[in-house]
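Colleague: the sequence isn't on hand, but the structure is:
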């Protein structure tokens, strides 16, 4: 699994680029950044919360470009991603630009699409090089969603033919044979996290326009999504048939504890304000920093079913198969967050039906009753609804056929497989 070195704090990207400037000057740097889609640029009167969110991402990208090229004098080549998800064309354009200019450093800045594209480009460059360590990957996420992406090892690329999010060796292959997993081996990355400057949708801003704002994540969404990932990971570890090394086991417990404690701290911050928007910049920053820390830990728990780790998270199985086509108004974090109550109910019912119902452990907390734990956590919170992300009224049977067709459940058998996924979808759509 690719390692992540995390640098946190204000101007962490600038600090890192400045400290590494002498080595970065040896060759050009490819900057992969976010850009607003053309149809969105001309859309009149966006909601103030959406306008502010977009401006935050734009400022983040502009600062990164200015620091690298103007302040530090690095030779930079720019590549932008304007779609909600990076496509095969985006990744291949970045690879071509890097090879043409001799760039050996890839800097991903902005929203999740730019971060995933940068990961895809860097993994291709590293695989084609005789020394993968000669390729530097630096990630500076500007949103809570892109933070989770930056901390996970495998990018998800949109296959327009399949309307699904796939690992790059599948999404970028024209016939599934011309490119192999070895052509996109994950590379190590330095992740620069500046929680105070991240864009996020504040709780309460979703009122009146749930579909328009479901594609933007609130700190509460990030917290609930992180807890959903923790539940999946705990169930995976509880299966005694799965071989997990001591170091990996300890790391997973540490990631779960970091995700759990920061997620609960985020929720507590809002609960103390009756679930409404937080008063004052300091209170907002505290919640945002905890939310960023939660998704940063949770991102390292995600499993993609790739050649490095054959196990796959249920949330990844559903997101990769269903989000682009059936839930186009959603976002990976809001989608994950909406699954938490249904996931806890379904896991509890299935374990009891099998004569189980044993407590599960998430970090340092032991949970006897998953549904009760979920109800307590979400009480009074603005939990995103899966139905608000949907286009029309999606049918569960049709969606499960789509999941099957993409082989998305390969590697999910250890934590319930088909039956659990189907139950989670039914319950989440009825919330």
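Modeller: Sure thing, it's come through. Computed from a predicted structure; not experimentally measured.
Colleague: can you list the low-confidence ranges for the stretch 201-350 of the chain?
Modeller: Judged by pLDDT under 70, the stretch 201-350 of the chain has its weakly predicted residues at 203-212, 238-246, 273-283, 305-311, 350.
Colleague: could you pull out the helices for the stretch 101-250 of the chain?
Modeller: Per DSSP state H, counting those that start in this stretch, the stretch 101-250 of the chain carries helices over the ranges 112-128, 144-151, 168-171, 210-213, 219-238, 246-271.
Colleague: redo those helices as JSON lines? Include distance to residue 423 and mean neighbour count.
Modeller: The way it works is simple: take the backbone N, C-alpha and C, and place the C-beta from them, glycine included. Conversion of the helices of the stretch 101-250 of the chain to JSON lines gives the following (distance: least, Cβ to Cβ, whole Å; neighbours: other Cβ atoms under 10 Å):
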{"stretch": "helix 112-128", "distance to residue 423": "28", "mean neighbour count": "28"}
{"stretch": "helix 144-151", "distance to residue 423": "25", "mean neighbour count": "29"}
{"stretch": "helix 168-171", "distance to residue 423": "27", "mean neighbour count": "24"}
{"stretch": "helix 210-213", "distance to residue 423": "24", "mean neighbour count": "17"}
{"stretch": "helix 219-238", "distance to residue 423": "13", "mean neighbour count": "27"}
{"stretch": "helix 246-271", "distance to residue 423": "23", "mean neighbour count": "19"}
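Colleague: of all the ones you listed, which one comes closest to residue 198?
Modeller: For the helices of the stretch 101-250 of the chain, distance to residue 198 was read as Cβ to Cβ. The smallest value, 6.4 Å, belongs to helix 144-151.
Colleague: and the closest one, what other elements does it pack with?
Modeller: For helix 144-151, the elements it packs on are strand 4-8, helix 112-128, strand 136-141, strand 189-193, helix 219-238, helix 281-299, helix 332-353, judged by 3 or more Cβ pairs under 8 Å, 6 or more residues apart in numbering; DSSP states H and E.
Colleague: mind putting those in TSV, distance to residue 169 included?
Modeller: Formatted as TSV, the entries for those read as follows, by distance: least, Cβ to Cβ, whole Å:
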stretch	distance to residue 169
strand 4-8	21
helix 112-128	9
strand 136-141	17
strand 189-193	18
helix 219-238	24
helix 281-299	20
helix 332-353	20
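Colleague: among those, which is nearest residue 247?
Modeller: Set against residue 247 and scored by Cβ to Cβ, the helices and strands packed on helix 144-151 come closest in helix 219-238, at 13.7 Å.
Colleague: what is the closest one packed up against?
Modeller: Judged by 3+ Cβ pairs under 8 Å, 6+ apart, helix 219-238 is in contact with helix 144-151, helix 246-271, helix 281-299, helix 314-326, helix 332-353, strand 360-362, helix 370-378.
Colleague: what's the angle between the first one and helix 281-299?
Modeller: Using axes from the mean of the first three to the mean of the last three Cα atoms, to 10 degrees, the interaxial angle of helix 144-151 with respect to helix 281-299 works out to 40 degrees.
Colleague: which residues touch helix 144-151?
Modeller: Residues from elsewhere that reach helix 144-151, judged by Cβ atoms under 8 Å, 6 or more residues apart in numbering: 4, 6, 108, 110-112, 114-116, 119, 139, 141, 155, 189, 191, 193, 198, 200, 217, 219, 221-222, 225-226, 291-292, 295-300, 302, 331-333.
Colleague: at 7 Å instead, please
Modeller: Judged by Cβ atoms under 7 Å, 6 or more residues apart in numbering, the contacts made with helix 144-151 from elsewhere in the structure are 4, 110-112, 115-116, 139, 141, 191, 193, 198, 200, 217, 219, 222, 291-292, 295-296, 298-300, 331-333.
Colleague: that one: how far from the chain's middle?
Modeller: Centre-to-centre, helix 144-151 and its host chain are 5 Å apart (Cα atoms, centre = their mean, to the nearest Å).
Colleague: that helix vs strand 4-8, what angle?
Modeller: Using the same axes, to 10 degrees, helix 144-151 lies at 140 degrees relative to strand 4-8.
Colleague: cool, the last one as well?
Modeller: Orientation check (the same axes, to 10 degrees): helix 370-378 against strand 4-8 gives 30 degrees.
Colleague: distance of residue 120 relative to residue 284?
Modeller: Distance from residue 120 to residue 284, counting by Cβ to Cβ, to the nearest Å: 33 Å.
Colleague: likewise residue 358?
Modeller: Between residue 358 and residue 284 the computed distance is 39 Å (Cβ to Cβ).
Colleague: same deal with residue 192?
Modeller: 21 Å.
Colleague: looking at the two, which has the bigger crowd around it?
Modeller: Neighbours per residue (other Cβ atoms under 10 Å) separate residue 192 from residue 284, with residue 192 holding more: 25 against 17.
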